[in-house]
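Peer 1: dropping the sequence and predicted coords here.
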Amino acid sequence: MVSRGRDKSPTPLKQHLKRHHVMQFEEIQQVKSSDCEVLDEETKKRCILFFNDHQLSFRSIESESFRKFMEVLNVPWRVPCRQTFQEWIEMASRKIKDKLITSLRMWTDTIGLTADACADPAQNAFIGITGQFFNKITKQLEMRVLDLIPCSESETGVEIASKIEEVLRMYGIGTVGTSIKVMGITTDNGSNMLDGVKRLGFPQVNCMAHSLQLCLTGPLFGNSQNGKHPNKGIMLPLVKKFRAYAKKIRKSKTAAGILRDFQTALHRPLLKFLKDVPTRWNSTYTSMQRVEEIGFTIINKWVLEVNKRCSGAHLKELSQEEQHTVTLLVVFLQPFTKMTKFLEGCSNSTLSLVFPLLQKLIKHVRDFDPMNNVLLTKFRTAVESHLQKRFMLNNQLALLATALDPRAKSDTDQLLAPALLRECYRMLETRLLEMHPTLPSPSPARTDSYSLLYSPEKAPPASSRSSIPPMRLARSSLQTELTTYMACRYDGTQPDPFAWWQQQQRNFPTIYNCIPCYSLNPFAIPGVIPVYETGNAI
């Protein structure tokens, strides 16, 4: 195989063939340069896709095994160095970004953003920004990663605002003279993020997954914010026992062998204790599940035997009350785990799901029977208090998104309390009147949406729902449209709310115009996580 240099000039080997081996040189000349260039571009593209799909680092391109593999393939393509390959990646990224900048202006006029900070293994800080929008062409909700930009370790609110504003200016989003309006930014509850969004002047939406994390980590482990107001976790002593078990299994082969012998003698599955992550409550839930699967009888026998045979071991047994607490706690945390998995796997999430999901959790917490377990009673009270603290703010965007989601109108599954559903419709009435200022003002909205989740009011029969909620709209086509929309039912045959609206667009044209504005803000920020994982691997 004969290749050319970077300046496209013949290589010394080719010059040698031309002078001393004419026949071989003529055979080489029969290969068209255009074919080589096409193959070179296609191979370059496939190589980039291969490294991207498998999240391989740049140094892999320089590995001896990869280069030997390419030599065996015997293709007229020169394996690049690490620096050249990195330039290819950056060039491909710029092309994709330029195409997205052009397409985004044709796809939508409004967008909901998410912003989150992360760090790679070398502790380099990054800010990931995604955009979720209603595509006017495909008529579907779509999400795109806008950028993953480096920042300093301090990650101050000023810097975060500056970085986000730089990306938005590049895409022509939310700035003066641009056509794409920002409806809100979903972030975690970090003070730097909140300060950054405040400086930008956009509505801020709390990430539901992060808020649930805070609601559970406090009662489980305790919480201390920079040494202020320390709060000892209610379940921390119990969690420490599980961590000690997992640590002993990892550190001592004797302890692992004792547990294995007990399980083999009783014909039980060979399981080990799982180590939890203090910053992730669901890992603690998984470790508790494993304790229950191993069996409390086996664990207590194992603890006694380990303390006897292993020097320096001071493990503690699980009392009857602690065993009862673990069994009940696993049942109590199960709905939270399911919801967390749903949030992690939800690629296109909107604020319309916040209140329905939250109401299910609140109902579960209130109806849960701790069976006179003092520890679990305190834990349930603490979780309920945290839920009220984290979700008590009046989120107008969430109310509007819920009112526009047809799934909240289902007869078979009462997703919302009637009082909260009326509040959602009242907020929609307010927005519609803003679009038509000649109509009279509606009644004022409630300021505490969370209290409506506890409304003991029962759902009225379907026949009387047309009168819910009482509206003050003038006699007009808008009044008829809104009243008809509130009275219509959702049968569940169309699970996609945006597809349902495509079918009902002619029936509710005015309300349909609100869809691109209030039904696209994400309630969680899992969409950036795959980008972080890819960035960390590279």
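Peer 2: All right, it came through fine.
Peer 1: so where is the stretch 301-450 of the chain shaky, pLDDT-wise?
Peer 2: 344-349, 392-395, 409-417, 435-450 (pLDDT under 70).
Peer 1: rerun at 80
Peer 2: 342-356, 389-399, 407-425, 427-450 (pLDDT under 80).
Peer 1: you'd agree Leu238 is up against Glu321?
Peer 2: No - using C-beta atoms under 8 Å, Leu238 is not in contact with Glu321; the gap is 10.0 Å. Bear in mind the C-beta positions are built from the backbone N, C-alpha and C, glycine included.
Peer 1: list residues touching both of the two?
Peer 2: Leu375 (C-beta atoms under 8 Å, 6 or more residues apart in numbering).
Peer 1: so for these two, which sits in the more crowded spot?
Peer 2: The residue with more neighbours, out of Leu238 and Glu321 and counting by other C-beta atoms under 10 Å, is Leu238; that gives 20 against 11.
Peer 1: now that one: how far from Glu153?
Peer 2: Applying C-beta to C-beta, to the nearest Å, the value for Leu238 to Glu153 is 36 Å.
Peer 1: likewise for Phe221?
Peer 2: Per C-beta to C-beta, Phe221 is found 25 Å from Glu153.
Peer 1: so which of those two has more stuff around it?
Peer 2: Neighbour count, other C-beta under 10 Å: between Phe221 and Glu153, Phe221 has more, with 21 against 8.
Peer 1: what residues are up against the more buried one?
Peer 2: Phe221 makes contact with 233, 235-236, 239, 278, 281, 284, according to C-beta under 8 Å, 6+ apart.
Peer 1: do Val239 as well
Peer 2: Applying C-beta under 8 Å, 6+ apart to Val239 gives the contacts 220-221, 233, 276, 284.
Peer 1: just the ones of those in strands?
Peer 2: Of the contacts of Val239, none are assigned to strands by DSSP state E.
Peer 1: most widely separated two among the residues you listed?
Peer 2: Gly233 and Asp276 (12.6 Å; C-beta to C-beta).
Peer 1: more neighbours: these two, which one.
Peer 2: Applying other C-beta under 10 Å to Gly233 and Asp276 shows that Asp276 carries more neighbours, namely 22 against 19.
Peer 1: do you know the pLDDT at the more buried one?
Peer 2: Each residue has a pLDDT score; the one for Asp276 is 88.
Peer 1: quick check: it vs Thr286, distance?
Peer 2: Separation of Asp276 from Thr286 (C-beta to C-beta) stands at 7 Å.
Peer 1: kindly report the same for Leu17.
Peer 2: Distance from Leu17 to Thr286, by C-beta to C-beta: 65 Å.
Peer 1: and Lys378, what does it touch?
Peer 2: Shown here is Lys378, whose contacts under the criterion C-beta under 8 Å, 6+ apart are Ile234.
Peer 1: which SSE is it in?
Peer 2: Per DSSP states H and E, Lys378 falls inside helix 374-390.
Peer 1: name the next helix or strand downstream of that helix, please.
Peer 2: Next along from helix 374-390, by DSSP H and E: helix 396-403.
Peer 1: restricting to C-alpha, output that next one in PDB.
Peer 2: The C-alpha trace of helix 396-403 is given here as PDB (Å, rounded to 0.1, in the frame of the first residue of the first chain):
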ATOM      1  CA  GLN A 396     -47.500  28.600  37.500                       C
ATOM      2  CA  LEU A 397     -45.800  26.800  34.600                       C
ATOM      3  CA  ALA A 398     -46.600  23.400  36.200                       C
ATOM      4  CA  LEU A 399     -50.300  24.500  36.700                       C
ATOM      5  CA  LEU A 400     -50.600  25.500  33.100                       C
ATOM      6  CA  ALA A 401     -48.800  22.400  31.700                       C
ATOM      7  CA  THR A 402     -51.200  20.200  33.800                       C
ATOM      8  CA  ALA A 403     -54.200  22.000  32.500                       C
END
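Peer 1: next SSE downstream of that helix?
Peer 2: Following helix 396-403 in sequence order, the next helix or strand is helix 418-435 (DSSP H and E).
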